[in-house]
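# I need the structure of the sequence given here:
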Amino acid sequence: MSRESAGRHETARAPHMGDPMPDFSLPDSDGRMVSSVDLLGRGPVVLFFYPRDESPGCTVEACAFRDAFAELVDAGATVVGISADTVVSHARFADRHRLPYMLLSDDRGVVARRFGVRMFMGLWPGRETFVIDQEGIVRGHLRSMSQPQRHVALARRVVARINGRGEGTVCAS
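Okay, here's the model as predicted:
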C-alpha cells in the first residue's frame, strides 16, 4: 500500500480548544463550493458532522438545528451540516425537512478526517459538533452518537460565550 493510499484512511486528532479549525472546501447542496474561509469573519460557526441523511438520529439532529436556526442566526452564528452523502441527497434531505442552513458533501470523508471525527460502525463519520469563533478558533466540541439534541444545546452555550454572555470553552464527549 502506498503512503498516499494509507493516509486516506487515517483520522487526525480532533482540534483541541483554542486550535484553529482545519481548512476545507466542499460542495453545498446546490453544488457550489464553500470553503472554511468563506464561513469566517461574520460570527461564530456551528459545524456539525452527522453520519447519514434520513437516518433517524441524524434527522432528529438536523431538525433540532432547524428549530434553533433563527436563535443561532440572531446570535450571529452560521450553521453548517456535513456528511458523506452526495449533493443530490443533501438537496432532497434539506427540502424534505425544510432545513434552512447549508449542508456540505464530504463524500470522501477528507474533511471529517481533518477534524478527527471518529467513524461510526466503521462505515460513516460519527456525530460531532464544533463551534468556531469568527477568527477560526475552536471554542466548543461535542462527540455524542446517542444524544443528537445535545449538539444544539452545546451550540447555544458556546455561541453565547463567544458573544460575551458566558466564560471559557466547552468540550464534552
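
# now Asp28, which residues is it bridged with?
Note on Asp28: beta-bridge partners Leu104, judged by DSSP bridges.

# Phe69 contacts Arg98, doesn't it?
No. Contact between Phe69 and Arg98 fails when scored by CB atoms under 8 Å: they sit 9.9 Å apart. From N, CA and C alone the C-beta is placed, and that goes for glycine too.

# those two - which one has more neighbours?
Neighbours of Phe69 and Arg98, each counted by other CB atoms under 10 Å, are more numerous for Phe69; the result is 18 against 9.

# and the helix or strand hosting the more buried one, what does it pack onto?
Take DSSP states H and E as the rule and Phe69 turns out to sit in helix 56-74. When contacts are defined as 3 or more CB pairs under 8 Å, 6 or more residues apart in numbering; DSSP states H and E, helix 56-74 packs onto strand 45-49, strand 78-83, helix 87-97, helix 150-162.

# and the third one, average pLDDT?
Right, helix 87-97. The average of the pLDDT scores along helix 87-97 is 97.

# picking that back up, looking at the helices and strands packed on helix 56-74, which is buried most?
Per residue and on average, the most neighbours among the helices and strands packed on helix 56-74 fall to strand 45-49, with a mean of 27 (mean count of other CB atoms under 10 Å).

# figure out how far that one is from the centre of its chain.
In terms of CA atoms, centre = their mean, to the nearest Å, the centre of strand 45-49 is set 3 Å apart from its chain centre.
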